[in-house]
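Engineer: Okay, sequence plus prediction incoming.
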Amino acid sequence: MRGERSAMTLERINKLEEIGFEWKWKHPGKRKKIDAGEDGDEGEGDAYDGGDGARRERKRSGYLERAERQWRKQFELLAAYRDEHGDCAVPYSKRGLGSWCSHQRCEYKYFLRGKKSRLTPERVDELESVGFDWEFAKAPKKK
């Protein structure tokens, strides 16, 4: 369903591929004959080259890889911030990293409720390993 988040993560894709999961889908309405080999045999004639579904899957896989790289980059910035400031209390006003941290907290709430979340148990562990504060609140404004 378009526009909805998926529970399919790069980690899950890798695990499926490790056990031999085939991403090619055989659809009876979109069969494509295999080219004739040296022996002239055309093969089974029902091999499906992937078509639109495979293209979407490759595009999705590329998206997941980019998302993973972006998450990793922000995580490294967070670790550097912690090394410099002694904590992970990144203010929202710190553009980019601050909003990313806020987003991680929102995703964590979904994660805890068992709802769809881009936050995986591995990411939770990584964030906690650098002392990420899930309940970080803004300091009250001075009067």
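Structural biologist: Happy to help now that I have it.

Engineer: The residue nearest to Ser6 when sequence neighbours are not counted sits in which helix or strand?
Structural biologist: Closest residue to Ser6 apart from its sequence neighbours, by CB to CB, 6 or more residues apart in numbering: Lys116 at 7.4 Å. Backbone N, C-alpha and C define where each C-beta goes, glycine included. For Lys116, there is no enclosing helix or strand under DSSP states H and E.

Engineer: cool, Ala80 as well?
Structural biologist: Applying DSSP H and E, one finds Ala80 within helix 51-85.

Engineer: in that helix, what counts as buried?
Structural biologist: Using 16 or more other CB atoms under 10 Å as the test for burial, helix 51-85 gives Leu64, Trp71, Gln74, Phe75, Leu77, Leu78, Ala79, Tyr81, Arg82.

Engineer: dump the residue contacts of the fourth one.
Structural biologist: The contact partners of Phe75, by CB atoms under 8 Å, 6 or more residues apart in numbering, come to Glu126, Leu127, Val130.
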